[in-house]
Every structure is written in structure tokens, then in C-alpha cells.
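Asks: let's see this in three dimensions:
(one chain, ligands or ions: 1)
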Amino acid sequence: MHKTFEDFKFNKQILNAIAEAGYTTPTPIQQKAITPILAGQDVMGIAQTGTGKTAAYVLPIVMNLKYAQGNDPRALVLSPTRELAMQIEEQVRLFAKYTDLRTTVLYGGLGPKTQIAALDAGTDIIVSTPGRFLDLYLAGHINLKQLKVMVMDEADKMMDMGFISKIHRVLEIVPRKRQNLLFSATMSELVHKIAGDFLAFPTIVEVAPQATPAATVSQRLFKVPNIKTKINLLQHLLKDDSELHRLIVFCKTKVSADNVYHFLLRKYGEEGVRVIHANKGQNTRINSINAFRDGDVRILVATDVAARGLDISDVSHVINFDIPIVIEDYVHRIGRTGRAYKTGVAISFCSPAEEYYVNKVEKLIRQTIPIMEIPEGVVIEKTGIEEKQAIAKEIDAQKRKENPDFKGAFHEKKAANLKKNNTKKASARKPTLKKAGTKAKRYR
Ligand code: AMP
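Replies: Alright, predicted model coming up:
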């Protein structure tokens, strides 16, 4: 049965906030998760970003807490990254707008003074990254006695980022009797383990099987021989600014992101493009994200790590300048477009060395990505010697990974050279070469 937001018996304040946010129908994860969360059950939600999972837990939490009470937090949401923490906080504020509930967001990377002042002023809901939360708790700024509900969002990312021991420390300090909610895009072994430590008899709700990209995203693939041609293709696609009006260009490394960014910067200037990766300062990153989200900047170049948890809706296109090395990141990347009920396009550029990863992606998503012809007008550059070698080496390494007995072209060449050198060396050796205690050996 399809539920409306009214069916959940939310109060007037919340229904007004939902209407103001422009939500008309609950998304599938909201359909399934809101009722058990309202009822106080532990819930494990398997849902990717873009499915509306944040509101699926924020709405019932706001409803259950109702109004400000005392000074100590009654809800705690843990997030792997500060960007996600900020977005969750934004949603809490959105839905708590007509209540007097107080929200505090905590994350590292900047001084704790303002955050401590906010905690001291009294709070009902804390949204935090694990490290900063523990620091402020250990420094005595947080009293957890009143905590009623705890959420772990993007649990898979938390595990990937090595937060497991921090999470266990948090579990030691929170009251035993509480409601627990865990959300994760995938169910890895580690997520399974942390779920076992965290949840008691959970209700499991799942939307879309694991690692299935949203049906609202149309995917395309270009086979491109080298980086220079990738740049030409990117430039060509960007000419269509009526269709590609808001896009994220994903790169697999900081170096690649910087290269693409500098190229685009020369063409479009600071007003047209920004870059986010781990080497950028916290403030620069936030400024760039805000400028992009507000529509002031058309293009955002990002690495996977920097973009983790980023909630930017209404992105028309995702361009994978490189295929991600961590295959699951493909699903996260293209989830930036076609969010909620909007549609989007994800375009991937694939070099010969990346076909291996595309195959893995296709297996994971159980779909074949349609291949497109490189449009006329895009200059196909010759692959330089260095890049050619790098590609051959990479392909060899991939073949060896699949088949440990494989002796690649590279290996064979190397082996042949080695043999040649050894023979040379051997013949150069003097026949009377002696090692202590061994008989002289004659080489003919
Ligand atoms: P999330 O999966 O929580 O990151 O949400 C993805 C996007 O969908 C966010 O921009 C939300 O504001 C939006 N959203 C969430 N629920 C709904 C809904 N019921 N109707 C329309 N948009 C929604």
C-alpha cells in the first residue's frame, strides 16, 4: 500500500515543514522505514544516498522528540564525513523548523570553540563525525545520560574509513537502553559485524538490491584512447551548456582532478569551475560546494573521497573522467544525479587500461553500459610513448591479477632482457673467479 506523509500521523509542524520542502510522496525507503522508527524499533536500512534515507530517519526522530527538553542531547547521528554531517543537520533543521528542537553539528578540521559554545547552550540532537564527537565527549562537553536514539549513517563508509574502533568506543559510553538505527548503501562483512554489535532485533528495510543504480540515471560509456582525447571529448561535451547545465566531473586521484581542473579553469575561469579534493582546506571545500549547490558555478571537479556523502541534488550530469578504482564508488558517483525523482545522465570515459574496471562495474550493477561513438569534431590524439607504456603495464598487471600464471608481454620482454644481460655478465666473468673455500670453476 502506498502511504502519504499524512498516513504516518506526523503532527502539523512536521507536515508543514515537509510541504515546504516540496516533498509530496514518501520515497520507498521512507515508506518502509518511518513506521518502525516511529514505533521505537531498531532499524537497519539498506539504501544509497539519493533514496531519501536521511529524511526516513530524521522525520520520525523529530516527531518522537517533539520539543526542546533539558540541555543534554537525546538523539545522536554519526556520519563518516563532515560534508554529510552538515547535510544531515540541514535536513534536521528543515524538518524541525516549526518546533523548538535544537541541533548541533560537530566535525573536525577546525577549532572546537564554537561547537563547545553550541553544546553549552543546550541541544536536543547532535550530528557528528565519530572523532570530534569522542574528543568533545572526553573533554566533558557532552552528557549522554538522556540519549534515546542513535543513528549510524553510511555505516559502510564509516567502516571503509577505519572508524570501527571509534564506533566501539561510542557504543561503550552511550546508555544501554536506546533505539538504534543503521543506514548503509551496501552490506559488507564489516557492516554486518557492526550491525550485530549495535542493533537489537532490528527491522530490516531495503530498497533496490545492493549496488543497483537508480533507474532515473541514464548511463553512457565512451572508449577513449588516452588522456588528451579525454580532455578533447570533455571540452566537446561541455559546449552543450543547455543540456549539461550542472555537472560533477569525477577523477580517481588528486593529480588527475587538478589536471582537469586547471584545464577547465583556463576555459571557464573561477566562476565556471571549482575543484574539491583532500588537499583543499576545509573552508575552500565548503565554499566550493556551496557555490556549486547554489548554482553559481556550473562545474565541480571532485575525487571520490572528497565527494563522499555529498548531497547535491539537481545535478544534470555526472562525468567519470576516470573509472573509479574502488568499483563501488561508481554507484556512489552516479547517484549524485537522478536523485529522488529527478532524472540524470552519467557519462564515463574509459581508456584501454580501464576496460577491466568497467567490466567489474558492469558485473556489480548487473547492467551493460551502452557504448557511444566519439562524436565527430573530437580530435583523437595519438597516445604518447609514456602513456602507452603505462597502459600496457596496467593491462599486464590486471591480467596477472586474474591469472597469477600469466606472463605478460612486459614480463616476457623483461625476462628476455634479463637473460641477455646474464649471459653477457657470465661471459665477462674471469674463468679463475674464486669464492672462498670453493673450487675455481671454468667457464668456456
Ligand atoms: P538522501 O538519500 O537522504 O541523500 O536524499 C536525496 C535527496 O532527495 C535530497 O535532496 C532530499 O532532499 C530529496 N528527498 C528526500 N525525500 C524526498 C521526497 N519524499 N520527495 C522529494 N524529494 C525527497
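Asks: okay, now the domains of this protein?
Replies: 5-206, 217-385 (automatic domain parsing).
Asks: how far does the longest one stretch from start to finish?
Replies: End-to-end distance for domain 5-206, by Cα to Cα, to the nearest Å: 19 Å.
Asks: same question, stretch 45-57
Replies: 10 Å.
Asks: check whether it comes into contact with the ligand.
Replies: Yes. Counting by Cβ under 6 Å from any ligand atom, the ligand has neighbours in stretch 45-57: 49-55. Bear in mind the C-beta positions are built from the backbone N, C-alpha and C, glycine included.
Asks: okay if I get the domains of the chain as a markdown table plus mean neighbour count, mean pLDDT and distance to E402?
Replies: Listed next are the domains of the chain as a markdown table, based on neighbours: other Cβ atoms under 10 Å; pLDDT from 0 to 100; distance: least, Cβ to Cβ, whole Å:
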| stretch | mean neighbour count | mean pLDDT | distance to E402 |
| --- | --- | --- | --- |
| domain 5-206 | 19 | 94 | 22 |
| domain 217-385 | 18 | 89 | 8 |
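Asks: need those in TSV with distance to D405, can you?
Replies: Compiled in TSV, these are given as follows (distance: least, Cβ to Cβ, whole Å):
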stretch	distance to D405
domain 5-206	29
domain 217-385	18
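Asks: between the residues of stretch 45-57 next to the ligand, which sits nearest E90?
Replies: Closest approach to E90 among the residues of stretch 45-57 next to the ligand (Cβ to Cβ): T54, at 9.1 Å.
Asks: which residue is the nearest non-sequential neighbour of that closest one?
Replies: Q91 (5.0 Å; Cβ to Cβ, 6 or more residues apart in numbering).
Asks: just the strands from this protein, written as ranges.
Replies: 43-46, 75-78, 103-106, 125-128, 149-152, 179-184, 203-206, 217-223, 247-251, 273-276, 299-303, 317-320, 344-350, 371-372 (DSSP state E).
Asks: how close does the closest residue to T229 other than its chain neighbours get to the ligand?
Replies: The spatial neighbour of T229 that comes closest, neighbours along the chain excluded (Cβ to Cβ, 6+ apart), is E381 at 4.9 Å. Here E381 is placed at a distance of 39 Å from the ligand (Cβ to the nearest ligand atom, to the nearest Å).
Asks: D100 too?
Replies: Taking Cβ to the nearest ligand atom, one finds D100 at 23 Å from the ligand.
Asks: make 872 the first number, not 1, from now on.
Replies: Shifting the count to begin at 872 puts that one at D971.
Asks: residue boundaries of the helices in the stretch 1072-1221 of the chain?
Replies: Along the stretch 1072-1221 of the chain, the segments classed as helices by DSSP state H, counting those that start in this stretch run 1098-1109, 1125-1139, 1153-1164, 1175-1178, 1199-1205.
Asks: of these, which is nearest G1067?
Replies: Closest to G1067 of the helices of the stretch 1072-1221 of the chain is helix 1199-1205 (Cβ to Cβ; 21.5 Å).
Asks: which strands and helices sit next to the closest one?
Replies: Packing partners of helix 1199-1205 (3 or more Cβ pairs under 8 Å, 6 or more residues apart in numbering; DSSP states H and E): helix 1175-1178, strand 1188-1191, strand 1215-1221, helix 1226-1236.
Asks: dump those to JSON lines, plus distance to the ligand.
Replies: Below are the helices and strands packed on helix 1199-1205 laid out as JSON lines (distance: least, Cβ to the nearest ligand atom, whole Å):
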{"stretch": "helix 1175-1178", "distance to the ligand": "13"}
{"stretch": "strand 1188-1191", "distance to the ligand": "15"}
{"stretch": "strand 1215-1221", "distance to the ligand": "12"}
{"stretch": "helix 1226-1236", "distance to the ligand": "18"}
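Asks: how about G1152, what does it touch?
Replies: When the contact criterion is Cβ atoms under 8 Å, 6 or more residues apart in numbering, G1152 has no partners at all.
Asks: any idea what the closest residue to Y1139 other than its chain neighbours is bridged to?
Replies: Take Y1139 and drop its neighbours on the chain: the residue closest to it by Cβ to Cβ, 6+ apart is I1170, 6.8 Å away. Residues in a beta bridge with I1170, per DSSP bridges, are L1118, V1144.
Asks: pretty sure I1170 is in contact with G1143, am I right?
Replies: Yes. If you go by Cβ atoms under 8 Å, I1170 and G1143 touch, sitting 6.2 Å apart.
Asks: need the overlap of contacts for those two.
Replies: L1135.
Asks: if we can go back for a sec, save the helices of the stretch 1072-1221 of the chain as a markdown table, and put in distance to K1213 too.
Replies: As requested, the helices of the stretch 1072-1221 of the chain are exported to a markdown table (distance: least, Cβ to Cβ, whole Å):
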| stretch | distance to K1213 |
| --- | --- |
| helix 1098-1109 | 20 |
| helix 1125-1139 | 24 |
| helix 1153-1164 | 15 |
| helix 1175-1178 | 18 |
| helix 1199-1205 | 13 |
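Asks: which stretch among the ones you listed comes nearest N1014?
Replies: Comparing the helices of the stretch 1072-1221 of the chain by Cβ to Cβ, helix 1153-1164 comes nearest, at 27.7 Å.
Asks: which secondary structure elements does that closest one contact?
Replies: Contacts defined by 3+ Cβ pairs under 8 Å, 6+ apart place helix 1153-1164 against helix 953-966, strand 1144-1147, strand 1170-1174.
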